[in-house]
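K.L.:
Got a predicted model here, sequence first, then my questions.
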Amino acid sequence: MVRTTHAIQIPRFGAPDVLTEGEIPLREPGPGEVHLRVLAAGVNFADLLQRAGLYGQVPDRPYAPGFEVAGEVARVGQGVEGWKEGAPAVALLRFGGYVRDVVLPAEQIFPYPPSLSPAEAAAVPVVFLTAWMALFETGHARPGDRVLVLGAGGGVGTAAVQVAVARGLRVFGTAGTTGKRDFVVDQLGAEACFDSRGEWEPEVWRALGEKRALDIALDPVGGEATQACRRLLGPMGRLVFYGLSEALPGARRSWVRAALARFKTRSVHPLSLVGKNQGVFGIHLLYLKEKESLLAPALEEIFQGIVEGRWKPILDRAFPLNRNGAVEAHRFLHERRNLGKVVLEAGSA
């Protein structure tokens, strides 16, 4: 008998309602592999870019998007040790997360604390690991450093603000609504959060005071925001770039808007970095290659911090793990309504 599982897929590029659902084959777990029954799947802005046709390399269509899931082990392949049926786990995937079951190498799954629900666990891996790599691996953040987090009310943003504050950094942010800005300051501990839809660069300078500059800027936006970040950085400042949300302001792809966003995100000549003693880094969890070994210890420390109450997943809401739920989740993110993370959850109403 051929096993199948339910999947939400991208059959063609377009608005959220192009998403489809149906049954796809589910192979048996081979040696060193695990069959994970998915209870929740994280939704990221990169999923929206894929659906709109603005992402980089993707599988042949139709395919299921999704980089992270949480669930329980259903079966293990030959040679797998340390995992048994029913064990809770999160997994990092190279696409394919909008499904009810997934088979993947055992090294791609990690235990998560029993105090977390599957939805909360699915809200952790991508955003916290992106924030962690940006701050501590490429950004080399130290206590007392001044960091600016663009999109501080989003998934990566809320994670970055929390871990930065807990590690003794001075944190500033930008966000698009008063409610998000208040939350970033009052609940997450940032010193200040400025209106991302206004002229926030002068406000950051005023908040820094005494002509001090930033040490680190986390930028998932691109365009003119990137240029502002570079101006705000001081000597030995680090710009960490991990997205281009400016290229997709609405639910539909616009090549003109995408091209304009890329044009505004100007190229960086090495000599311009030398004169200012600055560095520019890029983060993409899918392309760490031999550096993937950094992920397991980082995720273990992230979950330990959650257990100890130093930070927590900020889960805005869970939509049903079906086609309608995925469509609504994508629309919700397109409208920038989320405060923190959005997930798809099996069995949610």
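P.N.:
Structure's in. What do you need? Numbering: from 1, shown residues only.

K.L.:
Please count neighbours and contacts with C-alpha atoms only from this point.
P.N.:
Fine.

K.L.:
Run the chain-centre distance for stretch 179-199.
P.N.:
Its chain's C-alpha centre and that of stretch 179-199 lie 19 Å apart, by CA atoms, centre = their mean, to the nearest Å.

K.L.:
And for stretch 113-123?
P.N.:
Centre to centre, stretch against its chain (CA atoms, centre = their mean), the figure for stretch 113-123 is 16 Å.

K.L.:
Go through that stretch and flag the buried ones.
P.N.:
117-123 (16 or more other CA atoms under 10 Å).

K.L.:
Tell me which of the residues you listed fall in helices.
P.N.:
Among the buried residues of stretch 113-123, the ones falling in helices (DSSP state H) are 118-122.

K.L.:
Go through those residues and name the one nearest Gly86.
P.N.:
Set against Gly86, the nearest of these by CA to CA is Pro118 (12.8 Å).

K.L.:
My guess is the closest one contacts Ala70. True?
P.N.:
Yes - counting by CA atoms under 8 Å, Pro118 does reach Ala70; the two are 5.4 Å apart.

K.L.:
any common contacting residues for those two?
P.N.:
Taking CA atoms under 8 Å, 6 or more residues apart in numbering as the criterion, Pro118 and Ala70 both touch 39-40.

K.L.:
the helices in the stretch 151-300 of the chain, which residues?
P.N.:
155-166, 178-186, 200-208, 224-232, 255-264, 270-276, 295-307 (DSSP state H, counting those that start in this stretch).

K.L.:
tell me the contacts of Gly77?
P.N.:
29-34.

K.L.:
Which one (most neighbours) among those residues?
P.N.:
Of all the contacts of Gly77, the most densely surrounded is Val34 (27 neighbours; neighbours counted as other CA atoms under 10 Å).

K.L.:
Kindly provide the distance from that residue to Val127.
P.N.:
For Val34, the distance to Val127 (CA to CA, to the nearest Å) stands at 24 Å.

K.L.:
Next one, pLDDT for the nearest residue to Leu49 once chain neighbours are set aside please.
P.N.:
Counting by CA to CA, 6 or more residues apart in numbering, Leu49 lies nearest to Tyr55, which is 5.3 Å off, once chain neighbours are set aside. Predicted confidence (pLDDT) for Tyr55: 92.
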